[in-house]
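1. here is the input, now give the coordinates:
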Amino acid sequence: MVTHKTADAPWWKGATIYQIYPRSFQDSNGDGIGDLPGITARLEHVAKLGVDAIWISPFFTSPMRDFGYDIADYCDIDPIFGTLADFDALVARAHELGLKVTIDQVYAHVSDLHPWFTQSRQSAANPRADWFVWADPKADGTPPSNWQSVFGGPAWTWDARRRQYYMHQFLSSQPQLNVHNPAVQDALLNVMRFWLDRGVDGFRLDALNHAMHDPELRDNPPAPDDGSVRTRPFDYQIKRYSQSHPGVVPFIERIRALCDDYGAIFTVAEVGGSFADQEMKAYTAGETRLNSAYGFTFLYADALTPALVAETVERWPDEPGVGWPSWAFENHDAPRALSRWCRPVDRPAFARTKMMLLACLRGNIILYQGEELGITQVDIPFDRLQDPEAIANWPLTLSRDGARTPMPWATDRREAGFTDAEPWLPLGEDNLARAVDRQEGDEGSLLNFTRAMLAIRNAHASLRRGALDLLVVGDACLAFRRRMGSESLLSCFNLSGEAIDWPAAIT
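-> Purely as a prediction, here's the structure:
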């Protein structure tokens, strides 16, 4: 079979990327937590899928209050995951298997244990005094603006040492970096350079539109009531000033310039919020910004409908100057798609339809670990919750833990082969039957179907990089054509749980 993976385009354009959540992929040392050697040991499974690259969620030194997204040292490995030597071995093995390695970078905030912050909070007159967002209180002692944090409560915490508030868009233990400061940008670029020198092939930039705030600290306006249940103060505001500052774009151009110095390095931004579409386009426009971006359109959708898919793909036409999108149906922050999008009785069929649709979309596609097995959301009891957002907003916020449960590798082994100890999260009884070993030998399994769909995608330039023309957008039926050069492929899907007639519009 002819492959069109890298024949005449950058390796990343149209790529399939496999997300690994390291705590839950494979435990190699019996402590119940996945680690870097565990990932290395399981890379053959990933390579056999036919993906182009892996994306590894944070593994850096961290107190783990937000499970690695609160970084205390950007340039070292947290001991629970291993060592720098383990990371180097992982990169080497991935490259042997033909896999590119993409890692997370978190530039909006750090842990309050990071040396940059411990120095900054000592006084208003030290070399890193303005590396974070500090502000005086209002005359009555209240915070300087009405901004709210994602996880609940004000986005400001009082610090008596400086007699000022510091900003945090997530946990109070995740102080906001002042990325407006050129010295902070320089430090972050040096972090990126550190990992480039260790052989990484790309970066996923976490919450990038959170990286800069309005320096005037203007209040956010209230959000209109759309009838949905609002579980956090954060949901009551339009985040016009607390995030999404246009200054992010020049910083992006500095990132791209550095990556270009190293060759074919892939950069993709995570962009959420009310302005996600326009920000994704701004961050990827032209040839001097990021390669790609993705949002939460599919990740938080209650249903996968033809209208949703059509509306989403139409925003990213094959036109000069328009950036290149990436898409994910599942990740570590969103409930498993099969638990959101269909009835339990329909899951085996729908899982195949969903995988086929993902393989046919224009853009890069991201598979989350276990998606190739049909893993479903696990109901985590309150006393086993780890997710700080779910604990704070129980029971109205659906726990992210339910999508972070360990990978089931072997049906007949303790904890399905993930660990020999008590796992940090329960696997979930329903997912034990979906273990890799059980599906490996079943020609009709979702695992083997996923391999087949990715093989088809890799064999056709029109699927990896071609244009997408919508043909039918019905209540249940979605049809579009992918074309590139002389190749034209028809893709037609029934996204309902009932049989429908072939659309008359397609002959």
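2. do you have the strands of the stretch 301-450 of the chain handy? List them.
-> Listed in chain order, the strands of the stretch 301-450 of the chain (DSSP state E, counting those that start in this stretch) span 324-328, 364-368.
3. which of those strands is buried the deepest?
-> Among the strands of the stretch 301-450 of the chain, strand 364-368 has the highest mean neighbour count (mean count of other C-beta atoms under 10 Å), at a mean of 26. Yep, even glycine has a C-beta here, placed from its N, CA and C like the rest.
4. one step back: compare the strands of the stretch 301-450 of the chain and give me the one nearest Ala139.
-> Nearest to Ala139 among these is strand 324-328 (46.0 Å), distances taken as C-beta to C-beta.
5. and the closest one, which strands flank it?
-> strand 292-294 (parallel), strand 364-368 (parallel) (DSSP bridges).
6. can you redo those strands as a markdown table with distance to Asp66 and mean pLDDT?
-> Formatted as a markdown table, the strands paired with strand 324-328 follow (distance: least, C-beta to C-beta, whole Å; pLDDT from 0 to 100):
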| stretch | distance to Asp66 | mean pLDDT |
| --- | --- | --- |
| strand 292-294 | 20 | 96 |
| strand 364-368 | 18 | 98 |
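7. just put those strands in JSON lines and tack on distance to Asp214.
-> What follows is those, written out as JSON lines (distance: least, C-beta to C-beta, whole Å):
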{"stretch": "strand 292-294", "distance to Asp214": "22"}
{"stretch": "strand 364-368", "distance to Asp214": "31"}
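8. which of those sits closest to Ala129?
-> strand 292-294 (32.7 Å).
9. list the buried residues in the helix-or-strand element of the chain with minimal mean pLDDT.
-> When the helices and strands of the chain are compared on mean pLDDT, DSSP states H and E, helix 388-392 comes out lowest with a mean of 81. Of the residues in helix 388-392, those buried by neighbour count under the rule 16 or more other C-beta atoms under 10 Å are 388-390.
10. next one: stretch 428-445
-> Residues of stretch 428-445 classed as buried: 428, 430-431, 434-436, 438-439, 445 (neighbour count, 16+ other C-beta under 10 Å).
11. in which helix or strand would I find Phe67?
-> Under DSSP states H and E, no helix or strand contains Phe67.
12. got a list of what the closest residue in space to it that isn't next to it in sequence touches?
-> Nearest in space to Phe67, with sequence neighbours left out and distances taken as C-beta to C-beta, 6 or more residues apart in numbering, is Arg23 at 6.6 Å. For Arg23, the contact set (C-beta atoms under 8 Å, 6 or more residues apart in numbering) comprises 33-34, 67-68, 404, 424.
13. assumed Arg254 was part of a helix.
-> Yes. Secondary structure of Arg254, determined by DSSP: H, G, I helix; E, B strand; the rest coil: located in a helix.
14. so for it, what's the pLDDT?
-> On the pLDDT scale, Arg254 is placed at 98.
15. then Trp316?
-> Among the per-residue scores, Trp316 shows a pLDDT of 94.
16. hmm, it is touching Ala310, no?
-> No. Applying C-beta atoms under 8 Å as the test, Trp316 and Ala310 come out as separate, 11.8 Å apart.
17. for the two, indicate the residue with more neighbours.
-> Trp316 (21 against 16; other C-beta atoms under 10 Å).
18. would you mind measuring from the more buried one to Pro325?
-> Trp316 sits 5 Å away from Pro325 when distances are taken as C-beta to C-beta, to the nearest Å.
19. could you pull out the helices for the stretch 151-300 of the chain?
-> Chain-ordered helices for the stretch 151-300 of the chain, with DSSP state H, counting those that start in this stretch as the definition, fall at 182-197, 248-261, 276-284.
20. try the stretch 351-500 of the chain
-> Ranges of helices in the stretch 351-500 of the chain, per DSSP H, counting those that start in this stretch, are 388-392, 429-432, 436-440, 446-459, 461-465.
21. could I get the buried residues of stretch 428-445 as JSON lines with distance to Arg163 and pLDDT?
-> Listed next are the buried residues of stretch 428-445 as JSON lines, based on distance: C-beta to C-beta, whole Å; pLDDT from 0 to 100:
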{"residue": "Gly428", "distance to Arg163": "48", "pLDDT": "89"}
{"residue": "Asp430", "distance to Arg163": "53", "pLDDT": "89"}
{"residue": "Asn431", "distance to Arg163": "51", "pLDDT": "95"}
{"residue": "Arg434", "distance to Arg163": "55", "pLDDT": "96"}
{"residue": "Ala435", "distance to Arg163": "56", "pLDDT": "97"}
{"residue": "Val436", "distance to Arg163": "56", "pLDDT": "98"}
{"residue": "Arg438", "distance to Arg163": "61", "pLDDT": "96"}
{"residue": "Gln439", "distance to Arg163": "59", "pLDDT": "98"}
{"residue": "Ser445", "distance to Arg163": "62", "pLDDT": "98"}
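22. max pairwise distance over those: which two?
-> In these, the most distant members under the criterion C-beta to C-beta are Gly428 and Ser445, with 18.4 Å between them.
23. contacts only, for the closest residue to Val91 other than its chain neighbours.
-> The shortest distance from Val91 to any residue other than its chain neighbours is 4.6 Å, reached at Gly199 (C-beta to C-beta, 6+ apart). Contacts for Gly199 were tallied using C-beta under 8 Å, 6+ apart; they are 88, 91-92, 95, 101.
24. among those residues, which are located in helices?
-> Of the positions in the contacts of Gly199, 88, 91-92, 95 sit in helices, assigned by DSSP state H.
25. out of the residues you listed, which are buried?
-> Val91.
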